[in-house]
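Trainee: Sequence and predicted model, in that order:
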Amino acid sequence: MNEKWYLQTKKADFIKISEKFNISPITARLIRNRDVIGDEKIEEYLNGNIDNLHSPWLFKDMDKAVDILKIKISHESKIRIICDYDVDGICSGYILHRSLIELGAVVDVVIPHRIKDGYGINERLIKQAYNDGVDTILTCDNGIAAISQIAYAKSLGMTVIVTDHHEVVFEKNDSGTTYILPDADAVVNHKQKDCNYPFKELCGAMVAYQLVSALFESMDRGQNFVKELLPYAAIATVCDVMELQGENRIVVKAGIESFKTNNDIGINALIDICNLDKRKLDSYHFGFILGPCLNASGRLDTAKKAMELLECKSREKAGDLAEKLKKLNDERKELTEKGVCEAIKIADECMDSVLVIYLKDCHESIAGIIAGRIREKYNKPVLVLTNAADGVKGSGRSIDAYDMYAELSGVKELFTKFGGHKMAAGVSLPKENIEILRKRLNENCHLTEDDLYLKVWIDMQLPFEYVTMNMIQELSLIGPYGKGNEKPVFAEKNIKVNKIQIQGETGNVLRLTVENSNRYRLTAMIFGRAMEFMSFIKEKFGQAEIDKALKGEKNNIEIMVTYYPKINEYNGNSQIQIVIDRFC
């Protein structure tokens, strides 16, 4: 993958900002680089809390949804929640189910089976609900595109409330764009053009959270119970790769803090089985440890296990369920690595700007993960397709310059089913349409060569001597990190590599002793890219120089790096070190 490094040059009075908000000029520059401008926005960025969330009543149809639910609860009408089988869907369903039970509703929750049902609500689930005497269907993290399915539910005389965050279905013609909404009794989705909710990037679980917040307020129940659900909204926000800006960052930050005192048996069992300290959780643990374990049940088995864990009241049973989910995730990792290797072989031989990769034997549940990994490697939009019970199914992951949902909408006649948003999508199509899809997407593609370069934005060139304990500790103000609020990227040039040590069980960790032009030395770590680094050094400087560095002898290796500083704590001792991300 080609990449270009750019140094951020955004201007502001960093001294004035640092004095006003009692932060260092370095932190002030980092905040400006994240386009946080003006005293009000800076104050919210540094000190924002859930009181800064917009009122849930700003959602279109929120009043309708609340009124319907209040009536159904008072009449003891049977309500069925139908959610998605990913982390966002599971957390959405859990937030709604737990809250409605608290309010005395007659309610249950159903999660579609990934293989048997596919994504979202379908006629089989609706018919089953009708046969079970369900009066009201409440969707979460799905439903906005279920036009015919919801019409079927309404034909049976059922009440339907949709809560979702995916894009509204639309059609383009000569007269413009026509948006198509399901004929539900209430549609709560901020993506509707006439919805007044200001923040448009919430995940499904946060839409559910805001519905619950409005419902509790309307029933004079206060917000203490609702706030206990913040950790689940936070996990969903990170795992659904929402940009950690505005309300999303506030929610994740509050969720991390809320976990410290969270006593829910299920999620704590998962934290324990993953050997995590809930007092030190961050967005990384949500996105790469806890979230994948919850996701694994829906990928390789049934998401009911994840929901059962979250709702579990028995510590012993929760421990067993958590262990099963972790084992499923370990199995998922092995399948993913195999699929990624196969996909790379195909991608290496393909010159397309939009990659359409067909892995016939890949488990359909990991297609999205593989697509994400290939997107990261090549910085191209990717669709990974695999055989399914009825034709071919797949998942796509995109880059910022490519609106995947809009582009798929332009060839929607090739699909039996599709949905998603700008950065990700899911599709179903006949096998014979795979090659047609590949050709059409690339014919319609307007990505430039520059779009396909990975742009690495460097916050600032920072000499090693500026990296202090206080500076590193203050960086916590910038977190939590994730898409849209990336970890700060510092750079330094003319770095001498005095010593190389190979570490880790597989030799994929490097410990370096590095020195800048001012002869300031630090310990530097490279994780996961050891082989790539060693190949780069060998090609540029030769094996003889590597041999010298491995012995700690004087050598001619000199590089430029991007890095992030951290405090390494070991045996009660604290030491400053840097983690090298990129090098040239």
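Mentor: Sure, I can see it. None of the values given here were measured: they were computed from a predicted structure.
Trainee: What segments of the stretch 451-584 of the chain are strands?
Mentor: In the stretch 451-584 of the chain, the strands defined using DSSP state E, counting those that start in this stretch lie at 454-458, 460-461, 490-503, 509-515, 521-527, 558-570, 573-583.
Trainee: I meant the stretch 251-400 of the chain, not that one.
Mentor: Assigned by DSSP E, counting those that start in this stretch, the strands in the stretch 251-400 of the chain fall at 355-358, 382-388, 391-397.
Trainee: Show me what the first one packs onto, helices and strands only.
Mentor: In other words, strand 355-358. If you count contacts as 3 or more CB pairs under 8 Å, 6 or more residues apart in numbering; DSSP states H and E, strand 355-358 packs onto helix 315-348, helix 367-378, strand 382-388, helix 434-444. (C-beta placed from N, C-alpha, C; glycine too.)
Trainee: quick one: Q575 and M525 touch, right?
Mentor: No. Contact criterion CB atoms under 8 Å: Q575 and M525 do not qualify, at 11.4 Å.
Trainee: Could you give the number of residues near the closest residue in space to M423 that isn't next to it in sequence?
Mentor: Excluding the flanking residues, the one nearest M423 by CB to CB, 6 or more residues apart in numbering is S398, at 4.9 Å. Neighbours of S398 under the rule other CB atoms under 10 Å: 25.
Trainee: ok so, going back, same list (the strands of the stretch 251-400 of the chain) but as JSON lines, adding distance to I567, mean pLDDT and mean neighbour count.
Mentor: Shown next, in JSON lines, are those (distance: least, CB to CB, whole Å; pLDDT from 0 to 100; neighbours: other CB atoms under 10 Å):
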{"stretch": "strand 355-358", "distance to I567": "40", "mean pLDDT": "96", "mean neighbour count": "23"}
{"stretch": "strand 382-388", "distance to I567": "37", "mean pLDDT": "94", "mean neighbour count": "24"}
{"stretch": "strand 391-397", "distance to I567": "33", "mean pLDDT": "93", "mean neighbour count": "24"}
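Trainee: follow-up on the earlier one: so which of the helices and strands packed on strand 355-358 is nearest V162?
Mentor: Of all these, it is helix 367-378 that lies closest to V162, at 23.0 Å by CB to CB.
Trainee: Give me the residues contacting the closest one.
Mentor: 1, 332, 336, 339-340, 343-344, 347, 355, 357, 359, 362, 380-386, 393-399, 424, 426 (CB atoms under 8 Å, 6 or more residues apart in numbering).
Trainee: can you pull the pLDDT of the most centrally placed residue in the chain?
Mentor: Per CA atoms, centre = their mean, the C-alpha nearest to the average position across the chain is that of V241, at 2.1 Å. pLDDT, V241: 86.
Trainee: likewise the one 3 residues further on?
Mentor: As summarised for this prediction, L244 has a pLDDT of 95.
Trainee: now G120
Mentor: 82.
Trainee: before we move on, what about the one 3 residues further on?
Mentor: Confidence per residue is given as pLDDT, and for E123 that number is 94.
Trainee: for the closest residue to it other than its chain neighbours, helix, strand, or coil?
Mentor: Leaving aside its sequence neighbours, E123 sits nearest to Y152 (CB to CB, 6+ apart; 5.4 Å). Classification of Y152 using DSSP: H, G, I helix; E, B strand; the rest coil returns helix.
Trainee: Also the one 5 residues further on?
Mentor: Assigned with three-state DSSP, G157 falls in the coil class.
Trainee: Now for it, how many residues are close by?
Mentor: G157: 8 neighbours (other CB under 10 Å).
Trainee: returning to what we had before: now do the same contact list for the residue nearest to the centre of the chain.
Mentor: Contacts of V241 by CB under 8 Å, 6+ apart are 423-424, 482-483.
Trainee: likewise L69?
Mentor: 79, 100, 105, 136, 138, 161, 215.
Trainee: Now render the strands of the stretch 451-584 of the chain as TSV, adding distance to A296, mean neighbour count and mean pLDDT.
Mentor: Output for the strands of the stretch 451-584 of the chain, formatted as TSV (distance: least, CB to CB, whole Å; neighbours: other CB atoms under 10 Å; pLDDT from 0 to 100):
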stretch	distance to A296	mean neighbour count	mean pLDDT
strand 454-458	29	15	92
strand 460-461	39	14	95
strand 490-503	29	18	95
strand 509-515	26	19	94
strand 521-527	23	17	94
strand 558-570	29	16	92
strand 573-583	28	16	92
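Trainee: For those, give me a markdown table that also has distance to I478.
Mentor: A markdown table is the format used below for the strands of the stretch 451-584 of the chain (distance: least, CB to CB, whole Å):
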| stretch | distance to I478 |
| --- | --- |
| strand 454-458 | 14 |
| strand 460-461 | 13 |
| strand 490-503 | 12 |
| strand 509-515 | 24 |
| strand 521-527 | 20 |
| strand 558-570 | 11 |
| strand 573-583 | 15 |
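Trainee: got the residue ranges for the helices in the stretch 151-300 of the chain?
Mentor: With DSSP state H, counting those that start in this stretch as the criterion, the stretch 151-300 of the chain has helices at 204-218, 224-227, 230-239, 246-259, 265-273, 283-285, 291-300.
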